[in-house]
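Asks: output the structure for:
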Amino acid sequence: MRTPLILALLLVAACREDVADAPPPASMTEDALSFFCQMNVSEHGGPKGQIHLDGMPAPLFFAQVRDLVAYLKSPERSADIVAIYVSDMGVAKAWNEVEPDNWIAAQTAHFVVDAGVKGGMGAPEIVPFADEAAAQRFVQRYGGSIVELDRIPDAAALAPVDLDAPLEDPA
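Replies: Numbering: from 1, shown residues only. Predicted structure coming up:
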């Protein structure tokens, strides 16, 4: 009877250790460059993202959540991911005013896909929210559907971008 209890306590302790090892989100400064294009992240509207890799002193920043998801789906990563953060668009002042410390854990976010809105780099965006009701209000206004991080379809991040497609720039 003691063995299952001891195992359960060890598992709880291990889970707490994993959470404690995750670094906090980094503030988005003017020095933060987008991983793929090396452009200043703060100069682009819409939600942003950051990925912390094991052994790396600074996170990889992304000017679009779509790009962050494309990175996650890439088989060519060379380091383990220890934390993923995205902007909470439910509390952003405006689409073009995402505060430098507006970050939520991507694993707990609600993502709107296929809404037909334009992200910071002009491609269709995947829009994260901490609050599911805020995500639902976004869907009612712009369309799309709500999914969890591990349920984002490959096409939402990896499909070719049609530069002539009419995309909305949310207000």
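
Asks: centroid residue for the protein?
Replies: By C-alpha atoms, centre = their mean, the chain has its centre lying nearest to residue 86, at 3.4 Å.

Asks: ok, which stretches of the protein are helices?
Replies: With DSSP state H as the criterion, the chain has helices at 2-21, 65-73, 132-142, 154-158.

Asks: by mean pLDDT, show me the worst of those.
Replies: With a mean of 46, helix 2-21 has the lowest mean pLDDT of the helices of the chain.

Asks: state the mean pLDDT of stretch 97-113.
Replies: Here stretch 97-113 scores 96 as its mean pLDDT.

Asks: give the buried residues for that stretch.
Replies: By 16 or more other C-beta atoms under 10 Å, the buried positions in stretch 97-113 come out as 98, 100, 102, 103, 104, 106, 109, 110, 111, 112, 113. In short, each C-beta sits where N, CA and C put it, glycine included.

Asks: which members of these are the farthest-apart pair?
Replies: Based on C-beta to C-beta, the longest span within the buried residues of stretch 97-113 runs between 100 and 113 and measures 25.3 Å.

Asks: wait, residue 89 touches residue 128, no?
Replies: Yes - using C-beta atoms under 8 Å, residue 89 is in contact with residue 128, at 6.3 Å.

Asks: can you list residues touching both of the two?
Replies: Common contact partners of residue 89 and residue 128 (C-beta atoms under 8 Å, 6 or more residues apart in numbering): residue 47.

Asks: ok, now which ones touch the residue nearest to the centre of the chain?
Replies: 47, 48, 49, 50, 65, 68, 103, 104, 106, 109, 128.
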